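Trainee: generate a structure from the sequence data that follows.
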Amino acid sequence: MKIDLVSDVVCPWCVVGLKSLDIALQRLGPSFEPVELSFQPFELNPQMPPEGEDITEHLARKYGLNAEQVKTNQLNIRERAAAVGFDFRMDKRSRTWNTFDTHRLLHWAHEVNPSKQRALKEALFSAYFTEGLNPGSHEVLLRLCGEVGLDGGTAEAILNSDRYATEVREAEAFWQQAGIRSVPAFIINRKHLISGGQPPEVFEQALRQIAAESSAKA
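Mentor: Model (predicted):
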């Protein structure tokens with residue numbers, strides 16, 4: 001079973017969705033068919049300047065909310081994240097940032113080894129949502145690449161060039177043309193879509209059904 005997760009590293013529901021998927025796969029157990037997970041690029045804020053923006057101001061303007069509503073929504077996300085084992089620290093995260101360089105490195109990491117892409121994606125989620133770091137900072141990105149075992153020299157060369165920019169833009173366009181307008185979007189076998197940060201039960205039921213349908217057709 002192939003799962004493409006279209007997501008951004010500054011999308012909190014993408015974290016919730018990924019962790020829910022993990023729990024669902026654990027419940028399905030080792031007898032369930034092998035799953036190949038790949039992360040696909042999506043920029044929530046492609047026009048975000050390098051200096052970023054205050055997160056409350058950004059969310060209030062983008063969704064037409066006041067500061068109190070933003071805070072309430074963030075508390076809800078924190079509770080949902082905690083329920084699936086992720087530490088969402090609102091006190092650490094005051095700004096949101098441009099993420100294009102993260103997607104270039106994630107593309108490269110998948111070429112190196114899909115497991116490295118997964119490790120880097122999780123490190124980026126933790127850096128932003130738990131530590132409040134800027135995922136667009138080259139210093140942060142190089143540190144995270146080193147921590148997950150990716151070659152620092154190659155990562156630095158990528159960041160100091162436009163390498164993988166075309167590939168990321170083409171992938172973003174592909175998924176947008178496929179109808180993906182919001183994230184997270186889980187595409188199973190390039191046919192079935194699960195949208196949003198669903199609870200583990202939703203993923204478990206959907207994956208069982210998809211696997212059963214595939215077996216029936218075989």
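Trainee: pull out the buried positions in stretch 16-30.
Mentor: Val16, Gly17, Leu18, Lys19, Ser20, Leu21, Ile23, Ala24, Leu25, Leu28 (16 or more other Cβ atoms under 10 Å). All C-beta atoms are positioned from the backbone trio N, CA, C, and that covers glycine.
Trainee: scratch that, stretch 206-218 is what I was asking about
Mentor: Applying 16+ other Cβ under 10 Å to stretch 206-218 flags Ala206, Leu207, Ile210, Ala211 as buried.
Trainee: so which helix or strand takes in the second one?
Mentor: Going back to what we said before, that points to Leu207. Leu207 is part of helix 200-217, with elements assigned from DSSP states H and E.
Trainee: list the contacts of that helix.
Mentor: Contacts with helix 200-217, where a contact means Cβ atoms under 8 Å, 6 or more residues apart in numbering, come from 1, 20-21, 23-25, 27-28, 32-33, 84, 186, 188-189, 192, 194.
Trainee: stretch 28-43 now?
Mentor: For stretch 28-43, the surrounding residues in contact (Cβ under 8 Å, 6+ apart) are 1-8, 11, 21, 25, 99-100, 103, 106-107, 110, 114, 117-118, 121, 168, 171-172, 175, 180, 183, 185, 204, 207-208, 211.
Trainee: at 7 Å what do you get?
Mentor: If you take Cβ atoms under 7 Å, 6 or more residues apart in numbering as the criterion, stretch 28-43 is touched by 1-8, 25, 99-100, 103, 106, 110, 114, 117-118, 121, 168, 171-172, 175, 180, 183, 204, 207, 211.
Trainee: return a PyMOL selection command for the buried portion of those.
Mentor: Restricted to buried positions by 16+ other Cβ under 10 Å, the PyMOL selection for the contacts of stretch 28-43 reads:
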select buried, resi 1+3+4+5+6+7+8+25+99+103+106+110+117+118+121+168+171+172+175+180+183+204+207+211
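Trainee: on that earlier part again, between the buried residues of stretch 16-30, which sits nearest Arg89?
Mentor: Among the buried residues of stretch 16-30, Val16 lies closest to Arg89 (Cβ to Cβ), at 14.6 Å.
Trainee: did I read that right, that closest one in a strand?
Mentor: No - the assignment for Val16, made by DSSP: H, G, I helix; E, B strand; the rest coil, is helix rather than a strand.
Trainee: hmm, it is touching Ala83, no?
Mentor: No - between Val16 and Ala83 there is no contact under Cβ atoms under 7 Å: 8.4 Å.
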